[in-house]
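> here is a sequence together with a model predicted from it:
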Amino acid sequence: MAKFIFKMQNILEIKRKLEDQAKSVYADAIHALEAEKTKLRELEEKRELYEDRLTDMMLESLHIHEICRMENAIEVMKYKIREQIVAVSKAERVVENARQALNAAMIERKTYEKLKEKEFEDFKLEVNAQEKKEIDELVSYQFTQKAQTVEM
């Protein structure tokens, strides 16, 4: 029996490797996004802690220097939070781009796999037709041989 050989098997393998790379990039982007979100939560918690300290300072005895320092610290935290929000949005865009690249790689791989399946089905039909032809030839030959032996 003939062996099925997919002419574009090397391309299919490359597409699978590209898809694996895209999956890896996507996973890395998600990991980076989660890290940025964690930093943002930590900064917000720190800002809340500073705000609580400021409130406590204002309720206790008034130390103007400490209160000003705490207000400055809160403003610095607000600035860092704004920067971190920008970093989170950048990470989200990277994740989205990686997701789109992964989808494109998956579509390409699936396309080549469908081509392979179609070609394999055509191959099976061709082999089946060839076998039927060989069987018909064999039956015809046997019939001819029997007819010749009967005549003699």
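Thanks, I have the structure now.

> can you pull out the helices in this structure?
For the chain, helices defined by DSSP state H occupy the ranges 9-59, 64-151.

> which other helices and strands does the last one contact?
Under the contact criterion of 3 or more CB pairs under 8 Å, 6 or more residues apart in numbering; DSSP states H and E, the helices and strands touching helix 64-151 comprise helix 9-59. Every residue, glycine included, has its C-beta placed from N, CA and C.

> rewinding a little: nearest to A2, of the helices of the chain?
helix 64-151 (5.8 Å; CB to CB).

> follow-up on the earlier one: which of the helices of the chain is buried the deepest?
helix 9-59 (a mean of 15; mean count of other CB atoms under 10 Å).

> tell me who's in contact with the nearest residue to K15 once chain neighbours are set aside.
Closest residue in space to K15, ignoring its immediate chain neighbours: R109 at 4.3 Å, by CB to CB, 6 or more residues apart in numbering. The neighbours of R109, taking CB atoms under 8 Å, 6 or more residues apart in numbering as the test, are L12, K15, R16, L18, E19.

> cool, K124 as well?
K124 neighbours (CB under 8 Å, 6+ apart): none.

> could you dump the contacts of R109 into TSV and include pLDDT?
Output for the contacts of R109, formatted as TSV (pLDDT from 0 to 100):
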residue	pLDDT
L12	92
K15	94
R16	95
L18	95
E19	96
